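1. My questions concern the predicted model and sequence given below.
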Amino acid sequence: MKSAPELSSNLMDSSGNREFVRLVDTFDRQEYDVTDRGCQYCQLLLCPLIWTPIIPGVIGTKTLILEPEEAVLETKCCCCYHSNSRRPYGELGSVDATTCCFCTGFTSGLTVVMGNSTILCPGNGCDNEKVETIVAEMRRRMRTRGDTGQILRAEENAKKIFELHQTMTLLLKKTDALLEFHHIEVRE
């Protein structure tokens, strides 16, 4: 069991000032260009057959922005279409690296279109390292900020409250012993 000075020292910074100690990681803002140029070139070549380049968001740029509390997929198509898809990390579902037609990409709750999860293949579709980096970073943020992170923080808080309760009980017993030793009556 921790003594009272140890508990209070956990709440002080290096200069001795009391401040709130964050129990969770803080994240920096990161941006990734996830424009799927390889897929876009194939669609342009097949344009007369499938007409997908005229669908908003198919041809253009895609940027994945990982903010401290949520992920954003920004899609820009020429000068006529611009959309942002925002999701807190706890609502992303799963983030998975995947392969489709020799291209490497990833899927997540950000890439859902009409109920189906679409694949983002950054660059020409062969950038395994970039895909693995994005997937690992998104999963790390999901563990910390998502449901699992909330449960872990709640368990940490419960443990700290229990330790504080034990310390307060000990202090109350010591106070009662001091009052009894000095024959001081407590008025209620």
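-> Looks like it arrived, so ask away.
2. what about the longest helix in the protein?
-> helix 147-181 (DSSP state H).
3. in it, what counts as buried?
-> 149, 167 (16 or more other C-beta atoms under 10 Å). Every residue, glycine included, has its C-beta placed from N, CA and C.
4. quick check, distance from it to the centre of its chain.
-> Centroid displacement of helix 147-181 relative to its chain, using C-alpha atoms, centre = their mean, to the nearest Å, is 30 Å.
5. Mind checking the pLDDT average for that helix?
-> Mean pLDDT, computed over helix 147-181, is 88.
6. in a strand, that's where residue 82 is, yeah?
-> Yes - counting by DSSP: H, G, I helix; E, B strand; the rest coil, residue 82 is found in a strand.
7. which residue is nearest the centroid of this protein?
-> residue 141 (2.9 Å; C-alpha atoms, centre = their mean).
8. Give the full set of residues in contact with that one.
-> 27, 66, 71, 89 (C-beta atoms under 8 Å, 6 or more residues apart in numbering).
9. can you name the two of those residues that are farthest apart?
-> 27 and 71 (10.7 Å; C-beta to C-beta).
10. Neighbour count: the two, which is higher?
-> residue 71 (26 against 16; other C-beta atoms under 10 Å).
11. Counting by contacts, list what the host helix or strand of the more buried one packs against.
-> Take DSSP states H and E as the rule and residue 71 turns out to sit in strand 70-77. Strand 70-77 is packed against strand 61-66, strand 81-88, with contacts defined by 3 or more C-beta pairs under 8 Å, 6 or more residues apart in numbering; DSSP states H and E.
12. Export the ones you listed to JSON lines and append columns for mean neighbour count, distance to residue 137 and mean pLDDT.
-> Shown next, in JSON lines, are those (neighbours: other C-beta atoms under 10 Å; distance: least, C-beta to C-beta, whole Å; pLDDT from 0 to 100):
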{"stretch": "strand 61-66", "mean neighbour count": "18", "distance to residue 137": "6", "mean pLDDT": "88"}
{"stretch": "strand 81-88", "mean neighbour count": "14", "distance to residue 137": "15", "mean pLDDT": "81"}
